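1. generate a structure from the sequence data that follows.
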Amino acid sequence: MTAQPIRSPVRIIGIDPGLRRTGWGVIETEGNRLVYIGCGSVEPPDNLPLASRLLAIHEGLAAVLGDYRPVEAAVEQTFVNKDGVATLKLGQARGVAMLAPAMFGISVAEYAPNQVKKTVVGAGHAEKNQIQVMLKILLPKAEPPSADAADALAVAITHAHHRQSTALRLKVASL
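-> Prediction:
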């Protein structure tokens with residue numbers, strides 16, 4: 001009889017980008033087991049110019065990445081709305097949210113908001129309170145201080161469930 005390979009836990013950061021609040025959530029996954037590590041948000045002052053707010057988001061995420069040392073990252077894709085200017089600004093915050101882990105040499109996966117909701121709740125058009133209810137079940141020790149931190153944990157959970165297929169897709173795309 002051969003011994004089963006020992007699985008080591010994988011630490012994942014989920015990021016929910018925003019100019020006012022960029023949520024972050026860190027979990028570990030080992031097989032199907034999820035463990036809550038930490039969560040919060042980066043909140044630059046509203047009165048700062050856009051470039052300074054983006055810098056504050058980057059510095060805040062860099063500090064979280066340095067403290068928690070995740071090995072994989074996932075970012076929620078931008079939800080396009082009718083206000084083109086707001087969508088572009090959110091896209092800039094999302095760019096910073098993708099850049100920060102990349103600067104640490106961490107691969108970054110992207111997930112659509114509906115995919116996150118479907119993975120965590122089972123329905124692609126779930127409400128935010130449904131996500132928070134499921135988080136209490138999936139990560140009982142987590143107490144997200146904001147909806148943005150809860151969303152970031154949901155992004156991390158989504159990546160934990162889809163990381164193998166995402167890695168395979170990236171490998172096939174690079175051929």
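
2. host element of residue 98?
-> Assignment of secondary structure by DSSP states H and E places residue 98 within helix 84-103.

3. and the contacts of that helix?
-> By CB atoms under 8 Å, 6 or more residues apart in numbering, the list of residues contacting helix 84-103 from outside reads 13, 15, 17-19, 22, 50, 53-54, 57-58, 61-62, 65, 70, 73, 75-81, 107-108, 110. Where C-beta positions appear, they are placed from N, C-alpha and C, glycine not excepted.

4. can you check stretch 127-139 too?
-> The contact list for stretch 127-139, computed with CB under 8 Å, 6+ apart, reads 27, 34-36, 117, 120-121, 123, 142, 144, 147, 150-151, 153-154, 157.

5. which one is residue 115 nearest to, not counting chain neighbours?
-> Nearest residue to residue 115 in three dimensions, chain neighbours excluded: residue 158, at 6.4 Å (CB to CB, 6 or more residues apart in numbering).

6. any stretches of this structure with poor pLDDT?
-> By pLDDT under 70, the weakly predicted segments of the chain are 1-7, 80-81, 165-175.

7. just to revisit the earlier point, thought residue 112 was touching the residue nearest to residue 115, still the case?
-> No: using CB atoms under 8 Å, residue 158 is not in contact with residue 112; the gap is 9.5 Å.

8. what's near enough to touch residue 18?
-> Contacts of residue 18 (CB under 8 Å, 6+ apart): 90, 93, 148.

9. make a ChimeraX selection of the buried ones in these.
-> Only the buried entries of the contacts of residue 18 go into this ChimeraX selection, using 16 or more other CB atoms under 10 Å:
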select :90,93,148
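
10. give the contact list for residue 13.
-> Counting by CB under 8 Å, 6+ apart, residue 13 touches 24-26, 64-65, 68, 70, 72-74, 101, 106, 152, 156.

11. for it, what are phi and psi?
-> Per-residue torsions, residue 13: phi -110, psi 130 (degrees, to the nearest 10).

12. the nearest residue to it once chain neighbours are set aside in helix, strand or coil?
-> Of all residues not flanking residue 13 in the chain, residue 70 sits nearest, at 4.0 Å (CB to CB, 6+ apart). When classified by DSSP: H, G, I helix; E, B strand; the rest coil, residue 70 comes out as coil.

13. now do residue 65
-> Classification of residue 65 by three-state DSSP places it in helix.
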